[in-house]
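Enquirer: fold the following.
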Amino acid sequence: MVTKTDFTTAEWQQVVAGMFLAGVAVSAADPSGLWGMLKESFASGRTLLEAKSTAADNALVKAIVADLETSEGRSTAQTFVKQTLQGASANELKQRAVDAVRRAADLVEQKAPLEATAYKGWLLKIASSVAEASKEGGFLGFGGMQVSDAERATLADLTAGLQAKV
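Expert: So this is what the prediction gives:
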C-alpha cells in the first residue's frame, strides 16, 4: 500500500497537483469565460469529493484526498501549480499543464505501479468532468457544444500521454 511517505516532498507535490493540472489543461484549451470557468472549477472539486467516498480501493487517491483536506496540503499543491504555470502565455498554459500531468503519472508509475492505473483514470475523469461542465460557444447559454473540439483534442493528448483508455 502506497502512502505519502513513499514519495519525496517534491514528488508528492507533483502527484497531488496532477489533479488540479488535469482540469487546468482542459480549461486552458478553450476558455469558457467567467461563468464557464466557475462551472469547470466546481466540476473538478465535485470529482475530488466523489473520490473521497470511492477511494477506499485506491490507497494513493485516498492519500491525495486526505492531503487536500488539510490547508497545508492545498497550499502546497497550489504553490506547485503556480510554479508550473508561472510566466506561461495563454497558448502555453495547456501544454504546460498536460506535460505536468504526464510527469506526475510517470512518477506514480515508477514509485507505485500498482496504483498507477487508478491514478491515471482519476486524472482522466477529472479532465472529462471539467470538459463537460460548461457549453462552449453559443450565446447566453444557448447553443454551443458540450465539449469543444479543443477540449476533445486536449482529452486525447492527456489520454495518449497517460497511455490509458477513456
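Enquirer: could you use CA atoms for every contact and neighbour count after this?
Expert: Noted.
Enquirer: quickly find the element holding Leu123.
Expert: helix 113-133 (DSSP states H and E).
Enquirer: tell me how far that helix is from the chain's mean position?
Expert: Remark: helix 113-133 is offset 7 Å from the chain centroid, using CA atoms, centre = their mean, to the nearest Å.
Enquirer: can I get the CA coordinates of the helix or strand following that helix in CSV?
Expert: Next helix or strand after helix 113-133 toward the C-terminus (DSSP H and E): helix 149-162. The C-alpha trace of helix 149-162 is given here as CSV (Å, rounded to 0.1, in the frame of the first residue of the first chain):
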residue,chain,number,x,y,z
ASP,A,149,-13.0,20.4,-30.4
ALA,A,150,-10.1,22.0,-28.5
GLU,A,151,-11.2,20.2,-25.3
ARG,A,152,-11.6,16.9,-27.1
ALA,A,153,-8.1,17.3,-28.5
THR,A,154,-6.7,18.0,-25.0
LEU,A,155,-8.5,15.0,-23.6
ALA,A,156,-6.9,12.9,-26.4
ASP,A,157,-3.5,14.4,-25.6
LEU,A,158,-3.9,13.6,-21.9
THR,A,159,-5.2,10.1,-22.7
ALA,A,160,-2.2,9.4,-25.1
GLY,A,161,0.2,10.9,-22.5
LEU,A,162,-1.2,8.7,-19.7
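Enquirer: and the pLDDT for the residue positioned nearest the centre of the chain?
Expert: A centroid search over the chain (CA atoms, centre = their mean) returns Ala22, at 2.4 Å, as the residue closest to the centre. If you check Ala22, the pLDDT there is 91.
Enquirer: spatially, which residue comes closest to it, not counting chain neighbours?
Expert: In space, and not counting its chain neighbours, Ala22 is closest to Ala127: 5.2 Å by CA to CA, 6 or more residues apart in numbering.
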